[in-house]
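Undergrad: I'd like to go over a predicted model; first the sequence, then the structure.
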Amino acid sequence: QINLSEWALRHQSMVLYLMIVFMVGGVISFLKLGRAEDPDFTFKVMVVRTLWPGASAAQVEQQLTERIEKKLAETSWVDVLRTASKPGESLTIVILKDYTPKTEVPEAWRQVRKKLDDIRHTLPAGVQGPFPNDEFGDVQIKVFALVARDDKTGYDMGDLRREADRLARELRRVSDVKKIELIGVQDEKIYIDVSPARLAAMGLVPTQVFDALQRQNAVVPAGQVETETDRVRLRVSGPFDSVEALREASLAVGGRSFRLGDIARVTRGLADPPQPRMRVAGRDAIGLGIVMAKGGNVIALGDNLSTTMERLKQDLPVGMDVHTVFDQPQIVKTSLNLFVSTLGEAMVIVLAVSFLSLGWRTGTVVALSIPLVLAMTFLAMSIFGIDLQRISLGALVIALGLLVDDAIIAAEMMVVKMEQGWDRFKAA
C-alpha cells in the first residue's frame with residue numbers, strides 16, 4: 001500500500017518540482033480563465049411564432065396550432081408543448097426534458113426547425129412563418145445608448161438607427177463579441193395620405209393609385225443582350241429610392257396621367273403603434289446591447305469595447321452622444337477584486353494565527369498550502385472549462401475555510417505525534 005505522505009518525504013526534490021509546476025500553471029490559468037457574472041446555462045425552451053393576418057382564433061387553432069403541435073410532438077427530448085391561439089397569431093412553446101444533455105440541445109432545436117420546414121408548404125396561403133426563436137436566453141454584458149444631444153440637432157429616430165447600425169458593424173469586429181442587439185428601434189414607414197375629394201373629382205379610387213404604384217415599383221428581370229464578347233443585363237428604372245422620388249412619381253391611371261404629389265401628401269414617419277422605446281435622460285435613444293461569446297473574458301471584452309467606442313465617438317455626427325447605461329464588466333471586476341482581497345486577508349490571518357499557535361515552521365507550511373491548492377484548482381478549472389463567476393468564486397471562498405481548517409489539523413497532529421516520539425515518516 002502506497003503512503004503518499006511517506007513518498008513525499010522520501011522524494012522532496014520531486015515534490016518541490018511539482019509544487020513549482022503547479023504554482024506556475026495555476027498563475028497562468030488564473031490569468032487566462034474566462035470571467036463572467038453568472039455561469040453559462042443552457043436554455044431548454046424554444047418559442048415558435050406563426051402569423052396569419054385576418055384569420056380568427058378558431059381558424060388559427062384548427063389550421064395552424066394543432067398541425068404545428070402534432071408535428072413537433074415527434075421531436076426527441078420534448079417534454080412539454082404549450083400553445084396559444086389568438087386572431088392572426090399562433091404561439092407554441094417547446095420545452096425539453098430537464099435531464100436533456102447539453103450536447104443534445106442544439107440537435108433538438110435543429111430537428112424542430114427541420115420539422116417546421118417540412119410542414120411550411122402545407123400551411124394555408126397568407127401564413128407568415130413559422131418563426132422559431134431559441135436565443136432569448138442571451139445576456140447582454142454591456143449596453144450603450146445613442147441619443148441626440150437636444151431638439152436643435154434635428155435628428156430623428158431614423159437618423160439614430162442608421163448611425164447605430166454603423167456603430168454595431170464596427171463593434172462586431174471586437175474579439176469575443178457574439179452579436180449586437182439594437183434596443184428601442186422604431187420601424188420606419190412612408191405614409192401616402194390621399195385626398196378623397198380630389199380622387200372623387202378625378203373619378204378614381206385609392207386601390208387604382210396603389211396598384212399603379214406597385215407596378216412602377218416592381219423589380220422584375222428585363223432580359224439581357226448578348227454579343228460575341230459580352231452579356232449586357234438590362235434593368236428597368238423606376239423603383240422608388242426616396243420620399244421625394246415617390247412624391248414626384250408620374251402615374252397613369254384610368255387614362256389620366258398625374259403627379260402623385262398633386263393628389264396626396266407623402267411623408268416619412270414611424271410605425272404606429274410604436275415598438276418598445278428606450279429613453280435616456282428623458283430623450284429617445286437607440287441602445288446597442290453586446291452579447292459575449294461563450295468562454296470569453298468579460299473584463300477584457302469590456303475594456304476593448306470601451307476603447308473601441310471612444311475611438312468611434314470621434315466620428316459621430318455633431319449633436320449625437322453615446323452613453324454607457326449598463327456595464328457588467330465593472331460588476332465582475334468588483335467581484336473578482338473582492339475575492340482577491342478576501343484571499344489576501346485569509347492568508348494574513350492564517351499566517352498570523354499559525355505562527356502564534358504552531359510556530360514559525362509549521363505556520364509556514366499551513367500558509368503555503370492556500371496558494372498551492374488554489375493554483376491547482378485554477379489549473380483544473382482551466383482544463384474543465386470552468387470560468388470565474390459568482391458561483392465558482394463563492395465555492396472557492398467556502399472551500400478556502402475548509403482548506404485552512406484541514407491544513408491546521410493535519411500539521412498540528414503531525415507535530416503532536418513527533419513530540420510523542422514518533423519519527424516524521426510515521427507521524428506524517
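TA: Happy to help now that I have it.
Undergrad: Every contact and neighbour count from this point should use C-alpha atoms.
TA: Noted.
Undergrad: Quick check: the gap between the closest residue in space to residue 351 that isn't next to it in sequence and residue 66.
TA: Once its chain neighbours are removed from consideration, residue 351 has its nearest residue in residue 367; the separation is 5.4 Å (C-alpha to C-alpha, 6 or more residues apart in numbering). Going from residue 367 to residue 66 by C-alpha to C-alpha, to the nearest Å gives 66 Å.
Undergrad: And these two? Which one has more around it.
TA: residue 367 (23 against 15; other C-alpha atoms under 10 Å).
Undergrad: how about that one, what does it touch?
TA: Contact analysis of residue 367 by C-alpha atoms under 8 Å, 6 or more residues apart in numbering lists 347, 350, 351, 354.
Undergrad: ok, now residue 266?
TA: 190, 191, 192, 193, 243, 246, 247.
Undergrad: Run through who's touching stretch 288-307.
TA: Contact with stretch 288-307 is made by 33-36, 40, 138-146, 164, 168, 171, 174-183, 327-330, 332-333, 385, 387, as judged by C-alpha under 8 Å, 6+ apart.
Undergrad: quick one: that stretch to chain centroid distance?
TA: A distance of 11 Å separates the C-alpha centroid of stretch 288-307 from that of its chain, computed with C-alpha atoms, centre = their mean, to the nearest Å.
Undergrad: so is the residue nearest the centre of the chain in a helix, a strand, or just coil?
TA: By C-alpha atoms, centre = their mean, the mean C-alpha position of the chain lies nearest to residue 291, the distance being 3.3 Å. For residue 291, the secondary structure call by DSSP: H, G, I helix; E, B strand; the rest coil comes out as strand.
Undergrad: What distance do you get for it to residue 328?
TA: In this view, residue 291 and residue 328 are 11 Å apart by C-alpha to C-alpha.
Undergrad: list the residues that contact both of the two?
TA: Taking C-alpha under 8 Å, 6+ apart as the contact criterion, the common neighbours of residue 291 and residue 328 are 141, 142.
Undergrad: Would you agree residue 34 is in contact with residue 387?
TA: Yes - here residue 34 lies in contact with residue 387, judged by C-alpha atoms under 8 Å, at a distance of 4.7 Å.
Undergrad: More neighbours: which of these two?
TA: Neighbours of residue 34 and residue 387, each counted by other C-alpha under 10 Å, are more numerous for residue 387; the result is 26 against 21.
Undergrad: pLDDT of the helix or strand hosting residue 164, averaged?
TA: Here residue 164 sits within helix 157-171, counting by DSSP states H and E. When pLDDT is averaged along helix 157-171, the result is 90.
Undergrad: Stretch 100-115 now?
TA: Stretch 100-115 comes out with an average pLDDT of 90.
Undergrad: Tell me the buried residues in it?
TA: For stretch 100-115, the buried set under the neighbour-count rule, 16 or more other C-alpha atoms under 10 Å, comprises 100, 105, 108, 109, 111, 112, 113, 115.
Undergrad: Any idea how far it is from the middle of the chain?
TA: Taking C-alpha atoms, centre = their mean, one finds stretch 100-115 lying 19 Å from the centre of the chain it belongs to.
Undergrad: How about residues contacting it?
TA: Contacts made with stretch 100-115 from outside it, assessed by C-alpha under 8 Å, 6+ apart, are listed as 42, 44, 46, 71, 72, 75, 76, 77, 132, 134.
Undergrad: among these, which ones are buried?
TA: When the contacts of stretch 100-115 are checked for burial by 16+ other C-alpha under 10 Å, the buried set is 44, 46, 72, 75, 76, 77, 132.
Undergrad: Could you pull up the contacting residues of the second one?
TA: Residues in contact with residue 46, defined by C-alpha under 8 Å, 6+ apart, are 93, 94, 95, 109, 132, 133, 134.
Undergrad: Helix, strand, or coil at the third one?
TA: Three-state assignment for residue 95 (three-state DSSP): strand.
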